[in-house]
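# any chance you can model this:
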Amino acid sequence: MENLAEVRNLSKVYRRGSQNVEVLHHVNLDVPKGDFVALMGPSGSGKTTLLNMIAGLDAPTDGSVTVAGRRIDQLSTDELARWRAGNVGFVFQLYNLLPMLSAQKNVELPLLLTRLDGAQRRRNAGIALKLVGLEARAAHKPSQLSGGEQQRVAIARAIVSDAPLLVCDEPTGDLDRQSAEDVLALLQQLNREHGKTIVMVTHDPKAADHARRVLHLDKGTLVDGQVS
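The predicted structure is shown next:
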């Protein structure tokens, strides 16, 4: 199966005061198209750093990251911004919705970076909201939505540009169990029925059970993996 993401000999070192702290140590990882990978590990294991590398949010100290056939570690800041807009959808723990905008307008935000006119942006956002089951809540602002609904709006925003890769950083960490199950079922649906490739960081084994594969990091090294 063709890989969507390939990580090779990846290392990341941060400078903290007078010390160098190695967060990732020679990581190698293949993420095939259509995969759903959960990254687990203790705090400080490097899982979010690895996620950020795959998403083009951070640059490696050593090694390479190739996504959708592009060496993203070689791109400039401006090139990375353009690449992310077309290739990656982001889902965060705290939703990151703009409180003054409706659900519809929040979902439209990534499309402002495209050449679509206003009518097409509205149509695309409506399709994304329908897919996550919130078309009836399009006019509501985040404060009028539950946590689970806000996260579904965030997922609609992540998929509205039809990016092939979704990166999710603790997407259920701020949700009650039922809302978390609803969000995870939606991610599974996007993976299985719509072919989205998903890389998800989580500390929750129940969340990881929804993935196709679970990978464990410890002290910046991939230590094992299993098929779910």
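# excluding its backbone neighbours, what's nearest Ala68?
Nearest in space to Ala68, with sequence neighbours left out and distances taken as Cβ to Cβ, 6 or more residues apart in numbering, is Asn87 at 5.6 Å. In this view, the C-beta of every residue, glycine as well, is placed from N, C-alpha and C.
# help me confirm that that neighbour comes into contact with Thr66.
No: the criterion here is Cβ atoms under 8 Å, and Asn87 misses it with Thr66 at 11.8 Å.
# the chain: helices as residue ranges?
47-54, 77-87, 103-108, 118-131, 147-159, 177-194, 205-208 (DSSP state H).
# the residue nearest the centre of the chain bridge partners, please.
Among the residues of the chain, the one closest to the centroid is Val167, at 1.3 Å (Cα atoms, centre = their mean). Using DSSP bridges, the bridge partners assigned to Val167 are Phe90, Val199.
# Provide a list of residues in contact with it.
Going by Cβ atoms under 8 Å, 6 or more residues apart in numbering, Val167 touches 51, 54-55, 88-91, 198-200.
# using a markdown table, please lay out those residues together with distance to Lys105.
Below are the contacts of Val167 laid out as a markdown table (distance: Cβ to Cβ, whole Å):
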| residue | distance to Lys105 |
| --- | --- |
| Leu51 | 27 |
| Ile54 | 28 |
| Ala55 | 24 |
| Val88 | 21 |
| Gly89 | 17 |
| Phe90 | 17 |
| Val91 | 18 |
| Ile198 | 25 |
| Val199 | 27 |
| Met200 | 26 |
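# closest one of those residues to Gln74?
Lowest distance from Gln74 to those (Cβ to Cβ) belongs to Ile54, with 14.9 Å.
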